[in-house]
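# model this:
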Amino acid sequence: MVLTPVQTMIMIAAIAFGTMLTRFAPFILFPEKKQPPKVILYLGSVIPCAMMGLLVVYCFRNVSFLSGTHGLPEALAVLFIIVLHQWKHHTLLSIGGGTLLYMVLVQFVF
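Residues are numbered from 1 along each chain as shown. All right, here's what the predicted structure looks like:
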């Protein structure tokens, strides 16, 4: 499907507007001088942990513990991430180190 220049510009404008709306809405709804509602503060404290849990479940969704490598590379990478994060307390280092270990295990060991 080929879009006309007008359709392309409308699509770009809609995407830009949607992006700006989602970026600016928190600052408009919750100005710096006002205290946010308690429910927003609560959600801000629990959603990051919930998202990490969701990502872990998503990552393990296709791992077969009864065949192949029995999920050993994945389990070793997760264990490495936990140990590295407890040691250094650096999120990007933990994620990068775990990803690197997992890729090395999958490509060269298993």
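# got the contact list for the helix or strand hosting residue 42?
Counting by DSSP states H and E, the element that carries residue 42 is helix 38-59. Identification of contacts with helix 38-59 by Cβ atoms under 8 Å, 6 or more residues apart in numbering yields 30, 74, 78. From N, CA and C alone the C-beta is placed, and that goes for glycine too.
# Are any of those buried, and if so which?
Among the contacts of helix 38-59, those classed as buried by 16 or more other Cβ atoms under 10 Å are 74, 78.
# quick one, the lengthiest helix in the chain and helix 38-59 angle?
The longest helix of the chain (DSSP state H) is helix 5-29. Angle, helix 5-29 to helix 38-59, by axes from the mean of the first three to the mean of the last three Cα atoms, to 10 degrees: 130 degrees.
# I'd like the distance from the helix holding residue 42 to the chain centre, please.
How far helix 38-59 lies from its chain's middle: 10 Å, per Cα atoms, centre = their mean, to the nearest Å.
# Tell me how confident the model is about it, as a mean pLDDT.
The average pLDDT within helix 38-59 is 92.
# ok, residue 1 to residue 92 distance?
39 Å (Cβ to Cβ, to the nearest Å).
# Please read the previous query as pertaining to residue 38.
Distance from residue 38 to residue 92, by Cβ to Cβ: 31 Å.
# For residue 70, identify the helix or strand it belongs to.
Using DSSP H and E, no helix or strand contains residue 70.
# Nearest spatial neighbour of residue 97, chain-adjacent residues omitted?
Spatial nearest neighbour of residue 97, excluding adjacent residues (Cβ to Cβ, 6 or more residues apart in numbering): residue 84 at 5.0 Å.
# same question but for residue 76, I mixed them up
That would be residue 105: by Cβ to Cβ, 6+ apart, it lies 6.3 Å from residue 76.
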